[in-house]
Structure formats: structure tokens, C-alpha cells
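Trainee: below are the sequence and a predicted model for it; my questions follow.
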Amino acid sequence: MKQPCKKMNALFLIMVVTYLAVSGVISLLAQRMSVNVMVALTLGELSVLIPGIIFLLLFHCDIAEWIPLKPVRGSTIGFTLLLTLLIQPLLYFLNAFSQLFEKNVAADLFTRVEDIPAPFLLFVIGILGPFCEEAVFRGILFSGFKRSKRIFASILWTAFLFGLFHMNLNQFGYAMVIGIVGALLVEATGSLLPSLIMHIAVNSLNVLQMLAVEAAYKMMGEHFSDLVEEAEQTVTPSNLLFISGALLVPATIATALAVVVYIAILKREGTLGHVRSILPFSGSAGTEVPATADLTEEEDVPKQSVISATGVIGAAICLFLIFAFERIMQLLGQ
């Protein structure tokens, strides 16, 4: 494929525009009729996946190559689940720290889906969402960007775009961490499956925690939405700073242990040399055979930049929505 990175950046821009268009249509319909929140979430996730699938069909790409869901060892899955647990404190820290600037988006969403049956909620948020996002970001986009032969840059750029795609500051930080860890798991195993399992585990754990809190509040005759509203009114920046500080030490320790677990995965998969060779300042020529050699070993293709104009435009749209859109709407409302 010629100029793969330009095509990937263009695909990201198309995804952003498609997602915003679908969200806009749903919003307009909601003003005229009752639109189920879970239907809206489902359509939103599918609007992420469909442009990617259309891209693969248009360019006659092998889906199994661009979305590599090949099986991995059972021990690798076990280490992946352990790794997922170990990065949780870091995700909690980033979530708490980001609330100094923006409210908890996930909790706010959950107040609008309180009446949705728990199994359906777990399916859409815990399984469907991660599958769509992993297939596109750690599958199609990462597979395309890696053809630049700048694998580490591809990991960071794809994760950055993934964080931006959530279009809010609260989720940006921990989504980017999930993106980095997921891409590293793909490089370690040559399969999207561990990254998908990690993402499903993170989302499902969050949903289960919310459901548990909701159930406890219902037993007391209260509603989860009351808890969120009370927290938004009473939790001060100093409280959030204290919580963030309290989470920083366990997050640092757990992240260090997560690195140890990741190295264990690399040794088990035989890809330690490959991943070491793609890290910056490794001093390696990168001659190790990568786990995804079919995507990266194109000797006649020179190294390319992973960033292009369309990717910057897509990122700029997301940044505008994150930092400026709400303020502009507030000013217009005034």
C-alpha cells in the first residue's frame, strides 16, 4: 500500500466526521422523539467501526491481517489480566486528576442509563465498545501506521488519536494509556486479542463498579444520579488533589509491577528483542523479527512520518471540541 500513513490519518478524520454526524443526527431525533440512550451508544460505537471496515473493503485489504485476532497462549491471557489489574491505579489517578478540569464523564453517562438492564449495559459498554475501538485503533490504524517502519511513533500517535477521539479531557488521559498498553500488547503477541481482553476488562470492571454503587444506593432508597450530583457540588479541587496524591504512590508501584508482567509476556512470546529494538534510544538496529512481520518488513519502503495534514485536522477538531466548544456554546447562550 502506497502512503499508508496518509491513508490512516485520512481514515481518522473520516471517523471523527462520521461520529460527529451520527451524534448530531441522534441529538436532533432526540429533540423530536424519545431516543434510547443505549441505542445512541450502540450507533455511536458502530459509527467508529463502519468507516474502518469500508476502508478495508475499498482497498481490498485482508481483514485477518489488519485486525489480527489470532489465538494466543492461555498463560499470555492470564498475564494480560494481571497487567490490566496493575494499570488500574494509574487509570484511577488520571481519572481523579482530570476531574480538576472536567467532570467525571463516565459517571455522568451512567446517570442516564440507570434504568437499562445490566446485561445489555455490560454488552454495549463492556464488549461492543471495546471491540469496535480495538478493531479500528489497535487493529486497522495501528497496522497501517506501522508500515511507516516507525513503530514506536505509531504506538504514540495512535494512542494520542484514541485519547482525543473520546472528545473530553476527563477520558483523554486514561484512554491514551489504554492505547499505549494495547499497542504494546499487539507488538508483543502479534494479535489483537490481548489488547481486546484488556479493554473489555477495564470497561466491564467500571460498569460493574457503577452497578454495585447503584445497587447499594437503591437499598438505601436513593438514586445513583443523586450521588453524582452531590459529588459534583461538594467535591472541591483540594479534595481532588488529595485523592490524586493518595493514588499517585500505589499507581507508581503498580505500574512498575505492570512493566515486569509485560516483560514476562515478551519472554513467553519470544518478542523481547523485537520490542526492545523499537524503543527510542535502544541502540538497536531493529533487526529482530517482529511478531507482526507481515506488516512491517517491507524493505523497499523508506521510513515515513506517521503524521499528515488530515490527521492534524482530525486532531484539531477533537481538541476544539475538548477545550473550546462548550465555552463557545455557553457564550452564545448568554
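Mentor: Perfect, thanks for sending it.

Trainee: give me the local confidence score for residue 315.
Mentor: Predicted confidence (pLDDT) at residue 315: the value is 97.

Trainee: just residue 3 next, same as before
Mentor: 89.

Trainee: for it, what are its contacts?
Mentor: Counting by CB atoms under 8 Å, 6 or more residues apart in numbering, residue 3 touches residue 304. The C-beta positions use only the backbone N, C-alpha and C, and glycine is treated the same way.

Trainee: which helix runs longest in the protein?
Mentor: The residue-count maximum for a helix in the chain (DSSP state H) belongs to helix 237-269.

Trainee: helix or strand right after it?
Mentor: helix 272-278 (DSSP states H and E).

Trainee: check which helix or strand the nearest residue to residue 313 once chain neighbours are set aside maps to.
Mentor: Among residues not flanking residue 313 along the chain, residue 13 sits closest, at 5.6 Å (CB to CB, 6 or more residues apart in numbering). Following DSSP H and E, one finds residue 13 within helix 4-32.

Trainee: buried stuff in that helix?
Mentor: By neighbour count on 16 or more other CB atoms under 10 Å, the buried set for helix 4-32 is 4-16, 19, 22, 26.

Trainee: sorry, back to before: which elements pack onto the longest helix of the chain?
Mentor: helix 74-98, helix 169-189, helix 272-278 (3 or more CB pairs under 8 Å, 6 or more residues apart in numbering; DSSP states H and E).

Trainee: mean confidence for that helix?
Mentor: pLDDT averaged over helix 237-269 gives 96.

Trainee: how far does it sit from the chain's center?
Mentor: Distance of helix 237-269 from the chain centroid (CA atoms, centre = their mean, to the nearest Å) equals 18 Å.

Trainee: likewise for stretch 187-198?
Mentor: 13 Å.

Trainee: CA atoms only for that stretch - export them in PDB, please.
Mentor: Output of stretch 187-198 as PDB, limited to C-alpha atoms (Å, rounded to 0.1, in the frame of the first residue of the first chain):
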ATOM      1  CA  GLU A 187       3.600  -5.900  19.300                       C
ATOM      2  CA  ALA A 188       4.300  -8.400  22.000                       C
ATOM      3  CA  THR A 189       1.900 -11.100  20.700                       C
ATOM      4  CA  GLY A 190       1.200 -10.300  17.000                       C
ATOM      5  CA  SER A 191      -2.500 -10.500  18.000                       C
ATOM      6  CA  LEU A 192      -5.200  -8.000  18.800                       C
ATOM      7  CA  LEU A 193      -6.800 -10.500  21.300                       C
ATOM      8  CA  PRO A 194      -4.800  -9.500  24.500                       C
ATOM      9  CA  SER A 195      -5.500  -5.800  23.900                       C
ATOM     10  CA  LEU A 196      -9.100  -6.500  23.300                       C
ATOM     11  CA  ILE A 197      -9.300  -8.600  26.500                       C
ATOM     12  CA  MET A 198      -7.600  -5.800  28.500                       C
END
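
Trainee: now do it, average pLDDT.
Mentor: Mean per-residue pLDDT for stretch 187-198: 98.

Trainee: does residue 69 really touch residue 190, like I thought?
Mentor: No - contact criterion CB atoms under 8 Å: residue 69 and residue 190 do not qualify, at 10.8 Å.

Trainee: of those two, who's got more company?
Mentor: When residue 69 and residue 190 are compared for neighbours, residue 190 comes out ahead with 20 against 15, by other CB atoms under 10 Å.

Trainee: do I have it right that the more buried one meets residue 68?
Mentor: Yes - using CB under 8 Å, residue 190 is in contact with residue 68, at 6.4 Å.

Trainee: quick one on the thing from earlier: so for residue 250, which of the helices and strands packed on helix 237-269 sits nearest?
Mentor: Residue 250 lies closest to helix 74-98 among the helices and strands packed on helix 237-269, at 4.6 Å (CB to CB).

Trainee: check which residues of that closest one are buried.
Mentor: In terms of neighbour count (16+ other CB under 10 Å), helix 74-98 has its buried residues at 76-77, 79-80, 83-98.

Trainee: need the worst-confidence member of the buried residues of helix 4-32.
Mentor: residue 26 (86).

Trainee: sorry, back to before: how about the helices and strands packed on helix 237-269, which one is nearest residue 195?
Mentor: Once those are compared by CB to CB, helix 169-189 is nearest, at 3.5 Å.

Trainee: that closest one packs against which elements?
Mentor: So helix 169-189, by 3+ CB pairs under 8 Å, 6+ apart, packs with helix 74-98, helix 105-110, helix 151-165, helix 193-219, helix 237-269, helix 272-278, helix 309-323.

Trainee: run the last query once more with 6 Å
Mentor: Applying 3 or more CB pairs under 6 Å, 6 or more residues apart in numbering; DSSP states H and E, one finds that helix 169-189 contacts helix 74-98, helix 151-165, helix 193-219, helix 237-269.

Trainee: any idea how far residue 209 is from residue 233?
Mentor: 22 Å (CB to CB, to the nearest Å).

Trainee: higher neighbour count, those two?
Mentor: Set side by side, residue 209 and residue 233 show more neighbours around residue 209, with 12 against 8, by other CB under 10 Å.
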